[in-house]
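**Q** only geometry, no sequence info:
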């Protein structure tokens, strides 16, 4: 039996979505975030040493990292290759794009968005009144000089891809789009949103209409993408 250890309002919604797209049965175990720290509860460390979600148990296999889980599910269960390109030829344009965006989501797209969240929490954190201007000045400088430009750089790159291709791996929906959903949802929720990114807004609208995505949300809860305000 497949078991998904799912942290509320988190990346692990993507694993539920992938399972729903594949039509696979699973048991869902939900964990709440700490209301002050937003971190996962300590119970998750009994499942995986890092104490983070998602974690997928599939028989004897215990898998962490959303990209690795999606890759595993595609290789093991997507026998008709509806959500992933054939493994051969390895240098096909679809296969290369699929692999790139599957890894890009967490490797490059998420760090500026996580920094946006951290800086937002610094601005609103309780502190002595005399320290507040200093902390906010540091946060503002980090946003202007590094975080904001990096966030815009990556959002422009994602927008450019979807302006020239309907989906991240090419002409058809794939697990790469499932993996890319979270950074785009996070960007929509914070850091200025997606007002000037019509292709990314269209992407979010299209995935939101997918029955499998709707079923995943019904199981795991609607994603708020960890607003930092």
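**A** Structure received. Predicted, not measured: the structure shown is a model, and the values here were computed from it. Numbering: from 1, shown residues only.

**Q** Report the central residue of this protein.
**A** Nearest to the geometric centre of the chain sits residue 182, at 2.8 Å (CA atoms, centre = their mean).

**Q** Number of residues surrounding the nearest residue to it once chain neighbours are set aside?
**A** Distances taken as CB to CB, 6 or more residues apart in numbering place residue 11 nearest to residue 182, at 5.2 Å, with adjacent residues excluded. All C-beta atoms are positioned from the backbone trio N, CA, C, and that covers glycine. Residue 11 has 27 neighbours, counted by other CB atoms under 10 Å.

**Q** how near is residue 11 to residue 36?
**A** Going from residue 11 to residue 36 by CB to CB, to the nearest Å gives 21 Å.

**Q** in what helix or strand does residue 28 lie?
**A** Here residue 28, judged by DSSP states H and E, is contained in strand 27-31.

**Q** other SSEs contacting that strand?
**A** strand 2-7, helix 211-220 (3 or more CB pairs under 8 Å, 6 or more residues apart in numbering; DSSP states H and E).

**Q** Next secondary structure after the shortest one?
**A** Just to be clear, that refers to strand 2-7. Using DSSP H and E, the helix or strand that follows strand 2-7 in sequence is helix 13-22.

**Q** Low-confidence regions, the chain specifically.
**A** By pLDDT under 70, the weakly predicted segments of the chain are 191-192, 225-229.

**Q** Tell me which stretches of it form helices.
**A** For the chain, helices defined by DSSP state H occupy the ranges 13-22, 66-77, 93-104, 110-124, 132-142, 148-164, 175-189, 198-208, 211-220.

**Q** related to what we said a few turns ago, so which of the helices and strands packed on strand 27-31 is nearest residue 155?
**A** helix 211-220 (21.4 Å; CB to CB).

**Q** chain center to the closest one: distance?
**A** Its chain's C-alpha centre and that of helix 211-220 lie 15 Å apart, by CA atoms, centre = their mean, to the nearest Å.

**Q** What are the buried residues along that helix?
**A** Residues of helix 211-220 classed as buried under the neighbour-count rule (16 or more other CB atoms under 10 Å) are 212-213, 216-217, 219-220.

**Q** What angle do helix 13-22 and that helix make with each other?
**A** Counting by axes from the mean of the first three to the mean of the last three CA atoms, to 10 degrees, helix 211-220 lies at 130 degrees to helix 13-22.

**Q** by contact count, what packs against helix 211-220?
**A** helix 13-22, strand 27-31.

**Q** again, only using 7 Å
**A** Judged by 3 or more CB pairs under 7 Å, 6 or more residues apart in numbering; DSSP states H and E, helix 211-220 is in contact with helix 13-22.

**Q** With adjacent residues omitted, what lies nearest to residue 223?
**A** residue 13 (5.4 Å).

**Q** Run a quick neighbour tally on the one you found.
**A** Counted by other CB under 10 Å, the residues lying close to residue 13 total 29.

**Q** can you check residue 155 too?
**A** If you count neighbours by other CB under 10 Å, residue 155 ends up with 23.

**Q** ok, it touching residue 197?
**A** Yes - the criterion here is CB atoms under 7 Å, and residue 155 meets it with residue 197 at 6.0 Å.

**Q** hang on, the residue nearest to residue 223 packs against residue 215?
**A** No - assessed by CB under 7 Å, residue 13 is found out of contact with residue 215, at 11.2 Å.

**Q** In stretch 97-115, which residues are buried?
**A** In stretch 97-115, counting by 16+ other CB under 10 Å, buried: 97-102, 104-106, 109-110, 112-113, 115.
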